[in-house]
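>>> Let's see this in three dimensions:
(one chain, ligands or ions: 3)
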Amino acid sequence: MTKDLPNTPLLDRVAGPADLRQMPDSDLTALAGELRAELISAVSQTGGHLGSSLGVVELSVALHAVFNTPMDKLIWDVGHQCYPHKILTGRRERIRTLRQKDGLSGFTKRAESAHDPFGAAHSSTSISAALGFAVGRDMGQATGDAIAVIGDGAISAGMAYEALNNAGHEGRRLFVILNDNEMSIAPPVGAMSSYLSRMYANEPLAKMRSLAEGFESAMPAPMREGAKRARQLVSGITASGTLFEELGFDYAGPIDGHDMNQLLPVLRAARARATGPVLIHCCTVKGKGYQPAESSADKYHGVSKFDVETGTQAKAKPGAPSYTSVFGNALADEAARDPDIVAVTAAMPDGTGVSKMAERFPSRVFDVGIAEQHGVTFAAGMAASGLKPFCAIYSTFLQRGYDQVVHDVALQGLPVRFAIDRAGLVGADGATHAGAFDIGYLTSLPGFTVMAAADEAELVHMVATAAAHDVGPIAFRFPRGAGTGVERPGRGEVLPIGKGRMLREGADVAILSFGAHLSECLAAADMLEAEGIGVSVADARFAKPLDGDLVAALARDHRVLLTVEQGAEGGFGSVVMHELARRGAFDRGLAIRNVTLPDRFIEQASPAEMYADAGMTALDICETARNALSGGGQVVPLSLAK
Ligand SMILES: Cc1ncc(C[n+]2csc(CCOP(=O)(O)OP(=O)(O)O)c2C)c(N)n1
Ligand SMILES: CC(=O)[C@@H](O)[C@H](O)COP(=O)(O)O
Ligand SMILES: [Mg+2]
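Ligands and ions are numbered 1, 2, ... in the order given. Modelled structure (predicted):
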């Protein structure tokens, strides 16, 4: 790994964005080159979202040279491309702490800097937030212009359309910079994506319309003629201009998002003349300026540490297969046995593993783009038609489609299968990506079956169980990263619904685990047994329907009952508490503790750090058991919030 710091004389003079506004334009292009070198050097040591950040180096310099943050509010959609912005806004010294415990967040974050006016990480929120700031300005709040930078993937989500529609209706001065690199995480899908590509293909130069006079006069001469010519071309695409103009925006573009000689005059003209919402369409290249990224299929969207010279990424230690790959292969195998099985992903075929099914059955896997709301109801429609849809969405992103889970799936009792990956703590992506709430938000729904895989073998069984479960919605959750290395069955068995399993028996403490933390629970049992404390360990497998008889027996036969889950309070432990209360278990002085994720999140911690920080290691579980044993009969639902 090369650790050489790049030579950055111009960047060294940038303490904050105000310094950019003092620089001659001729220096800004050179500055962008230095910024790109610094970015590559830093991310080679931290890992992270390199491709998207490389694509907005020039745009970040130009935006900070023209607008005046933090008075002007610059809002990055998703925020994964914000590393150049962070370097330019006084965080260069900390950029090598990116995505680490107590380090810089990998996304924009209000608490981190005044130059981050709005946090992000879930996509397609920037235009809504920018419109909020614009209204604040117009109603006298101390805020300047609002600028949303949104990618071609993020703008394809319904929420972005809602915001464009409302902003066009409001007619307030607002800037939307469409960062169109013709990539999402995977190649983009959807009609919006092909629409944008058509414009890009037909439009070598900027096209100006209602801002034409102003902009063209502000443009360098060679472009002026082209802009006039381009205008005729674009107006041919639709009757009266672009989709964005139909929504009430002035449209400028498409322009080359890496050419400072286009970016600066267009942004300055827009800033000088805009009286309403303006959309500036910038065409960029994801991974721009770093050959290993540009030539990679995924444009180095998310990378581990890498060697700058070769682009070779540090390999994860060889070990157990990831839960994701186990799920993807198990799903493909089930699909081979049942032609009614289909799969839905929201722009994350590789991240969710459904790409493994797509390799074998491409016509039965549907990538709906960044559109979780649509994806859930689309799956509900397929279930209603008689198909067996597996809706594969990360826990945190399923939150985006929750009303559809309730309204279109649960209340209609439709047999949609939810494959919930990244359930629990996720590490470097931090709080916005933690899969903390799905147990609570699903177990409260009528007719839902909710499972959690204790290891990869259990995951294979749960895929088979979900495939066979046709009487209502069913969900199974599993964590990010590698499995335990347990031997996997050749074919999954259909599990008895609502039944848990005993793994060991002991007289004093019962540990009831739900999900992939079972390994920690078994390790804790070994430690406690060494102290002469008898420990039973059970795997609940189901949070709904709960195995009430198992839970009651554990409560009856032990002095302490611990529940352990990779989820926030209000999930599995609460379901158990309700069941025990219903059965009158508490009047025997049972001490019960719920080991859950703390209510503050683990920012950018490594897997080892995050469970230590969360108080969920085997040692923590032991401590909780000893505390409960010594504390005798209080009934205290103890979350390990510190
Ligand atoms: C609601 C939601 N769903 C999915 C994701 C995962 N995700 C992060 S970035 C991304 C692609 C964004 O594409 P685009 O907006 O074009 O940005 P680019 O990476 O091309 O710069 C996706 C799907 C997310 N952050 N939020
Ligand atoms: C920015 C974003 O939301 C995605 O890139 C996310 O970081 C992917 O998470 P995984 O790395 O767990 O697939
Ligand atoms: Mg993109």
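
>>> With only the CA atoms kept, save the helix of greatest length in the chain in PDB.
Ranked by residue count under DSSP state H, the longest helix found in the chain is helix 25-46. Output in PDB follows, covering the C-alpha atoms of helix 25-46 (Å, rounded to 0.1, in the frame of the first residue of the first chain):
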ATOM      1  CA  ASP A  25     -10.500  30.300 -12.500                       C
ATOM      2  CA  SER A  26      -7.200  29.100 -14.100                       C
ATOM      3  CA  ASP A  27      -6.100  27.700 -10.700                       C
ATOM      4  CA  LEU A  28      -9.400  25.900 -10.000                       C
ATOM      5  CA  THR A  29      -8.800  23.200 -12.700                       C
ATOM      6  CA  ALA A  30      -5.400  22.500 -11.300                       C
ATOM      7  CA  LEU A  31      -6.800  22.500  -7.800                       C
ATOM      8  CA  ALA A  32      -9.300  19.800  -8.900                       C
ATOM      9  CA  GLY A  33      -6.400  17.700 -10.000                       C
ATOM     10  CA  GLU A  34      -4.800  18.000  -6.600                       C
ATOM     11  CA  LEU A  35      -8.100  17.200  -4.900                       C
ATOM     12  CA  ARG A  36      -8.500  14.100  -6.900                       C
ATOM     13  CA  ALA A  37      -5.000  12.900  -6.000                       C
ATOM     14  CA  GLU A  38      -5.700  13.600  -2.300                       C
ATOM     15  CA  LEU A  39      -9.000  11.700  -2.500                       C
ATOM     16  CA  ILE A  40      -7.400   8.600  -4.100                       C
ATOM     17  CA  SER A  41      -4.600   8.700  -1.500                       C
ATOM     18  CA  ALA A  42      -7.000   9.000   1.400                       C
ATOM     19  CA  VAL A  43      -9.500   6.400   0.300                       C
ATOM     20  CA  SER A  44      -6.700   3.900  -0.500                       C
ATOM     21  CA  GLN A  45      -6.100   4.000   3.300                       C
ATOM     22  CA  THR A  46      -9.700   4.000   4.500                       C
END
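
>>> list the helices and strands the following helix or strand past that helix packs on?
Going down the chain from helix 25-46, the next helix or strand is helix 50-54, by DSSP states H and E. When contacts are defined as 3 or more Cβ pairs under 8 Å, 6 or more residues apart in numbering; DSSP states H and E, helix 50-54 packs onto helix 25-46, helix 291-294. Heads up, the C-betas are built off the backbone N, CA and C, glycines and all.

>>> Deepest-packed of these, please.
helix 25-46 (a mean of 20; mean count of other Cβ atoms under 10 Å).

>>> what about that one, average pLDDT?
Here helix 25-46 scores 97 as its mean pLDDT.

>>> Stretch 305-316 now?
Stretch 305-316 comes out at a mean pLDDT of 93.

>>> Next: stretch 102-117.
96.

>>> For it, list every residue counted as buried.
Buried residues in stretch 102-117, counted by 16 or more other Cβ atoms under 10 Å: 103-109, 112-113, 115-117.

>>> closest to residue 25 among those residues?
residue 115 (21.9 Å; Cβ to Cβ).

>>> Tell me the secondary structure at that closest one.
Secondary structure for residue 115, judged by DSSP: H, G, I helix; E, B strand; the rest coil, is coil.

>>> gap between the closest residue to it other than its chain neighbours and residue 21?
Ranked by Cβ to Cβ, 6 or more residues apart in numbering and with sequence neighbours excluded, the top spatial neighbour of residue 115 is residue 89, at 3.7 Å. For residue 89, the distance to residue 21 (Cβ to Cβ, to the nearest Å) stands at 13 Å.

>>> quick one: common contacting residues for the two?
residue 64 (Cβ atoms under 8 Å, 6 or more residues apart in numbering).

>>> neighbour count winner among the two?
residue 89 (23 against 12; other Cβ atoms under 10 Å).

>>> Looks like that one contacts residue 76 (just checking).
No: the pair residue 89 / residue 76 is not scored as a contact, 11.3 Å apart, by Cβ atoms under 8 Å.

>>> before we move on, back to that, just confirm yes or no for the longest helix of the chain near ligand 1.
No: remark: helix 25-46 sits outside contact range of ligand 1, by Cβ under 6 Å from any ligand atom, the gap being at least 13.9 Å.

>>> what's the offset of that helix from the middle of its chain?
26 Å (Cα atoms, centre = their mean, to the nearest Å).
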